[in-house]
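# Attaching a predicted model along with its sequence, questions to come.
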Amino acid sequence: MDAILTPAESEALLLSLRVSSVAVFGALPFAFAAALLLARTRFYGKTLVDGLIHLPLVLPPVAVGFLLLMAFGTRHGPGGWLFQAFGIRLVFSWTGAALASAIITFPFQVRAIRLSLEAIDTGLSAAAQTLGAPWWDRLLNVSLPLALPGIAAGVVTAFAASLGEFGAIITFVSNIPGETRTLPLAIYTALQAPGGEAEAARLSLMSIMLALVFMTLAEILQRRARERA
Amino acid sequence: MSVDVVLRHRFPGFVLDASFSLPRLGVTAVFGASGAGKTTIINAIAGTFRPREGRIVINERVVMDSARGIFVPAWRRRAGYVFQDARLFPHMSVRDNLLFGWRRAPIRADERDIAHVVALLGLERLLMRKPRALSGGEKGRVALGRALLSSPEILLLDEPFAALDAQRRAEVLPYLENLRDEARLPMLYVSHSLEEVARLADDVVVLRDGRVAAEGSVFEILTGLELPALAGSPPLGAVISAAISAHRDDGLTALAFDGGTLFVPRLKQPVGCRLRLRIRAEEIMLALDEPRMISANNVLAARVVGLSTDGDTHANVLLACGKTRFTARITRASSARLELVPGKPVFAVVKSVTVDTPRWVPSA
């Protein structure tokens, strides 16, 4: 890899993969729970919850980053408490970048999982019930396995989207080489320096290739999910 | 072994207000036009639907009593349910589908029972397949086996073969007959097919607009003249319990019933074997004099006990032959010509008899 990319560039690439992995898999249980809530239940204020979950999709990422900065700064609020009680600091760290990515890509995961849950025949759950399965048993052994292709599609789409996150990351955790400088931030940095176009082009090509791989994978998984339903 | 059901629930534009009890083992058919509330009742017994008011007792266990606030969730009711659309789990093999309920049963059936149910339903060669590789009839059989292996205290069948064509249905019905004769379970069978009810049921509950319009043995209910008014379907004619009395040299088998003997082409079953016979109302002709030179093998001396008109052109005539009753469907013109009135003796010419022969004959 070093033959094509400089050490700083491959550092950005690996950091991007790490941030996205943690973001997507960390958010997955919450996304599944949210999808389950939206697909299977009816409650007062559901439209509002649905809207809140999808908010990051339409909000400027910079605004999300700013809100995170307000909430998780080390001086006050929940961030201050985290820092004082446990010494956990999200601002200016890669874990903060992962949190920002997780929030931005959360709607992608919820959407895909929700669709696959809604595609499952509710009669199957009733059948499992009459065969002696309580709710958690039905969730684990009927709904979850049947939603698996949708879950996989959601993970891959969210991962691809997460690789491209810029605004929320740079606002919340800044642009620190080796800590928070992911691929898009590295491209931006390269463009700020005179003569950095070649580096920016290489990194952009890298991003395009990664995105293509993941989007193709997502498409294949989604098709499989449809066939199974 | 008994099941008692009392239900009351108000739907928009429809009130369910039904109560009945299944006094014994065997198949009770819940019969009625679509929209009469059949499936809703089954769902209430299974626990997948919670009626506003009611009380359901299965084998002395109260699974629902709205007055006392008792509602046992479906997964603890032990009611085996065979759905109209099979509802096999698509991600599991046939084997795992069959064992889904078995693994979760509080009192697990013996492992030998698995082999037995598999054999009873002819599933040996399907075990490793996925549901999507099964035909409609095969799916129905797997669903039946899955419900049976969950060690249920009652078996609920909601038109399990409604989605099948006549040929597939004919292929699956014998399996259900085996089950009826062998499983020591009360079974509730929802159907709007008179043929199926006549073939399988011991008792019938007729539902109409959410209420129980009639209940009784299959022999009484399906033969009576009230069926058109109760369920909007013509009377079947007759459902008769009979036993083989002789295999004659002329190629006919004699079947003795309470009131006479019927002759049918030679059967394979041994003398003494009990069978169920069905005679369609259209298959009976009436005569005032005994017809002698006639190709029909069966001419029964009977007595008219009831008459009802069926539309503008037809009449249903209820006949008694000993303790057995038949219904003949003739034209109103014929009825007038023969001057049929209750009490009048007639000869019933039976054109054909359907014999339900179970594939598997109980040894007892």
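Happy to help now that I have it. Numbering: from 1, shown residues only, chains lettered A, B, ... in the order given.

# elements contacting the lowest-mean-pLDDT helix or strand in chain A?
Counting by mean pLDDT, DSSP states H and E, chain A has its least confident helix or strand at helix A:77-86, which shows a mean of 79. Counting contacts by 3 or more CB pairs under 8 Å, 6 or more residues apart in numbering or on different chains; DSSP states H and E, helix A:77-86 packs against helix A:61-72. (Each C-beta comes from the backbone N, C-alpha and C, glycine too.)

# ok, back up a step: report the buried residues of the least confident helix or strand of chain A.
Taking 16 or more other CB atoms under 10 Å in any protein chain shown as the basis for neighbour counts, the residues of helix A:77-86 that come out buried are A:79, A:83.

# Residue 92 in helix, strand or coil?
All of this is about chain A. For residue A:92, the reduced secondary structure class is coil; criterion used: DSSP: H, G, I helix; E, B strand; the rest coil.

# The chain in question should be chain B.
Here residue B:92 is recorded as coil under three-state DSSP.

# That one: neighbour count?
Under the neighbour criterion other CB atoms under 10 Å in any protein chain shown, residue B:92 is assigned a count of 17.

# does it really touch residue B:100, like I thought?
Yes - Residue B:92 sits in contact with residue B:100 when judged by CB atoms under 8 Å, with a separation of 7.2 Å.

# Next secondary structure element downstream of the regular element (helix or strand) spanning residue B:190?
Secondary structure from DSSP states H and E places residue B:190 in strand B:186-191. Of the helices and strands lying after strand B:186-191 in sequence (DSSP H and E), the nearest is helix B:194-200.

# I'd like the next helix or strand past that following helix.
Later in the chain than helix B:194-200, the nearest helix or strand by DSSP H and E is strand B:203-208.

# for that next one, what is the average pLDDT?
Rounded to a whole number, the mean pLDDT of strand B:203-208 is 89.

# about what we covered before: joint contacts of residue B:92 and residue B:100?
When contacts are counted by CB atoms under 8 Å, 6 or more residues apart in numbering or on different chains, residue B:92 and residue B:100 have no shared neighbour.

# In its sheet, which strands sit next to the longest strand seen in chain B, and in what direction?
The longest strand of chain B (DSSP state E) is strand B:298-310. Based on DSSP bridges, the strands next to strand B:298-310 in the sheet, each with its direction, are strand B:314-321 (antiparallel), strand B:345-350 (antiparallel).

# For it, the averaged confidence score.
pLDDT averaged over strand B:298-310 equals 89, rounded to a whole number.

# buried set for that strand?
Buried residues in strand B:298-310, defined by neighbour count with 16+ other CB under 10 Å: B:298-300, B:302, B:304, B:307-308, B:310.

# So what touches that strand?
The contact list for strand B:298-310, computed with CB under 8 Å, 6+ apart, reads B:225, B:228, B:234, B:259-260, B:262-263, B:287, B:290-291, B:315-321, B:325-326, B:329, B:332, B:335, B:340-350, B:353.

# Give the ChimeraX command for selecting the buried subset of those.
Here is the ChimeraX selection string for the buried members of the contacts of strand B:298-310, based on 16+ other CB under 10 Å:
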select /B:225,228,234,259,260,262,263,315,316,317,318,319,321,325,326,329,335,340,344,346,347,348,349,350,353
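
# residue ranges with poor pLDDT in the chain?
As the question left the chain open, I've gone with chain A. Applying pLDDT under 70 to the predicted model, the residue ranges of chain A that meet it are A:1-3, A:225-229.

# Oops, wrong one, chain B.
Counting by pLDDT under 70, chain B has low-confidence residues at B:1, B:228-235, B:357-364.

# again, only using 50
Residue ranges of chain B with pLDDT under 50: B:359-364.

# With chain B in mind, check whether the longest helix out of those in chain A reaches it.
Longest helix in chain A, counting residues (DSSP state H): helix A:7-40. No - judged by CB under 8 Å from any CB of the partner chain, helix A:7-40 makes no contact with chain B; its nearest approach is 15.1 Å.

# Mind giving me the packing neighbours of that helix?
Packed on helix A:7-40, when contacts are counted by 3+ CB pairs under 8 Å, 6+ apart, are helix A:46-58, helix A:94-119, helix A:144-163, helix A:183-192, helix A:197-228.

# Isn't residue B:36 up against residue B:191?
No - applying CB under 8 Å, one finds residue B:36 not in contact with residue B:191, separated by 11.5 Å.

# quick one, which of those two is more surrounded?
residue B:36 (25 against 22).

# for residue B:146, what are its contacts?
When the contact criterion is CB under 8 Å, 6+ apart, the partners of residue B:146 are A:131, B:88, B:97-98, B:100-101.

# Take those and lay them out in JSON lines including distance to residue A:209, neighbour count and secondary structure.
Written out in JSON lines, the entries for the contacts of residue B:146 read as follows (distance: CB to CB, whole Å; neighbours: other CB atoms under 10 Å in any protein chain shown; DSSP: H, G, I helix; E, B strand; the rest coil):
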{"residue": "A:131", "distance to residue A:209": "48", "neighbour count": "30", "secondary structure": "coil"}
{"residue": "B:88", "distance to residue A:209": "43", "neighbour count": "26", "secondary structure": "coil"}
{"residue": "B:97", "distance to residue A:209": "44", "neighbour count": "27", "secondary structure": "helix"}
{"residue": "B:98", "distance to residue A:209": "48", "neighbour count": "26", "secondary structure": "helix"}
{"residue": "B:100", "distance to residue A:209": "45", "neighbour count": "23", "secondary structure": "helix"}
{"residue": "B:101", "distance to residue A:209": "50", "neighbour count": "26", "secondary structure": "helix"}
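
# who's the nearest residue to residue B:344 once chain neighbours are set aside bridged to?
In space, residue B:344 comes closest to residue B:304 once its chain neighbours are excluded; the distance is 4.7 Å by CB to CB, 6 or more residues apart in numbering or on different chains. In this structure, residue B:304 has the following beta-bridge partners (DSSP bridges): residue B:319.

# if we can go back for a sec, just the buried positions in the longest helix of chain A, please.
By neighbour count, and taking 16+ other CB under 10 Å as the criterion, the buried residues in helix A:7-40 are A:9, A:11-13, A:15-17, A:19-20, A:22-24, A:27-28, A:31-32, A:34-39.

# how far is it from where the chain is centred?
Remark: helix A:7-40 is offset 4 Å from the chain centroid, using CA atoms, centre = their mean, to the nearest Å.

# between it and helix A:94-119, what angle do the directions make?
Between the axes of helix A:7-40 and helix A:94-119, defined by axes from the mean of the first three to the mean of the last three CA atoms, to 10 degrees, the angle is 40 degrees.
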